[in-house]
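Engineer: Below are the sequence and a predicted model for it; my questions follow.
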Amino acid sequence: MEQSLIASRIDDACKICNNSSFPKFVGFLRAEETAIAESVAQKLCCRHLFYGGYSNAERVFFGVFPDWCEEPSQIFPITAFTFTFRPVDKLTHREVLGSLMSLGIKRETVGDILIEEGRAVVFVTSEVAPFIKSQLTKISRVGVDISEGYVGNLPGQSGFLDLSHTVASARLDCVVAALAGVSRKTATEYIEQKLVTLGSVCCEKTTLMVQNGDKISIRSKGKFLIEKIDEKTRKGRLIIKAKKYI
């Protein structure tokens, strides 16, 4: 979506929620669209949340909620599908997305696509879920079985790799450089190119301060959970304790 369009849709959603006292949703959003949505929602002081069907999702719904709504993450109109196939039949993200798009649905109705050997888990809007379930029997030339929901860990979300780094500052550019194993200059370029998200929000400010519990996603480099970033070495450098999703 164009920037002006996404800003307008978020503005409308907030106003409708305020006038009707019912939740309103917009999604799925890319990282750069999420940043726009966050900016608009903050200006309007909306009670909002980003959610993509599971924690740390890359493509997320924007939801705005009235005060009476106690657990908003439970009512997002998102459906998860599990596609199972023979392990020898290798499928890619592009093939899964292509098969979904061939049904004539819009890209914004499809969230994250997570794939492993013999299984793919896909998040879609609940509105198109029945149509997908009734129509999709093959991905590329591979026959698949489809079921609603998923069991166990999501593909690519089964564990963590413990990391430890030292940085001069808790600034986002310093932390991204350490986590991605690149120079600070390259980390700055990642941030400016909208390749970095903090939580579910795309970040463009290198000076943003990272805190304990933050989740950082660096496109092509992975997803990270900051466990602790407030201890110092004898020379005054900060110690980062983090986990990388594997």
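Structural biologist: The structure has been received and is ready for your questions.

Engineer: use CA for all of it now, contacts and neighbours both
Structural biologist: OK.

Engineer: what's near enough to touch K90?
Structural biologist: K90 makes contact with E117, G118, according to Cα atoms under 8 Å, 6 or more residues apart in numbering.

Engineer: Can I get the lengthiest helix in the chain in CSV, CA atoms only?
Structural biologist: The longest helix of the chain (DSSP state H) is helix 3-20. The C-alpha trace of helix 3-20 is given here as CSV (Å, rounded to 0.1, in the frame of the first residue of the first chain):
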residue,chain,number,x,y,z
GLN,A,3,2.1,5.5,2.5
SER,A,4,-0.8,7.9,2.2
LEU,A,5,-3.2,5.0,1.8
ILE,A,6,-2.0,3.1,4.8
ALA,A,7,-2.0,6.3,6.9
SER,A,8,-5.6,7.0,5.9
ARG,A,9,-6.7,3.4,6.7
ILE,A,10,-5.1,3.5,10.1
ASP,A,11,-6.7,6.9,10.8
ASP,A,12,-10.1,5.5,9.7
ALA,A,13,-9.7,2.4,11.9
CYS,A,14,-9.0,4.5,15.0
LYS,A,15,-11.9,6.8,14.4
ILE,A,16,-14.3,3.9,13.7
CYS,A,17,-13.2,2.1,16.9
ASN,A,18,-13.6,5.3,18.9
ASN,A,19,-17.1,6.0,17.6
SER,A,20,-18.4,2.4,17.7
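
Engineer: list the helices and strands the helix or strand that comes right after that helix packs on?
Structural biologist: Counting by DSSP states H and E, the element after helix 3-20 in chain order, helix or strand, is strand 24-29. Here strand 24-29 touches helix 3-20, strand 60-64, going by 3 or more Cα pairs under 8 Å, 6 or more residues apart in numbering; DSSP states H and E.

Engineer: tell me which strands and helices the longest helix of the chain is in contact with?
Structural biologist: Counting contacts by 3+ Cα pairs under 8 Å, 6+ apart, helix 3-20 is packed against strand 24-29, helix 31-44, strand 60-64.

Engineer: Tell me the strands beside the next helix or strand after the shortest one, with direction?
Structural biologist: I take that to be strand 60-64. Heading C-terminal from strand 60-64, the first helix or strand you meet, by DSSP H and E, is strand 78-84. Under the criterion DSSP bridges, strand 78-84 sits next to strand 119-125 (antiparallel), strand 145-148 (antiparallel) in its sheet.
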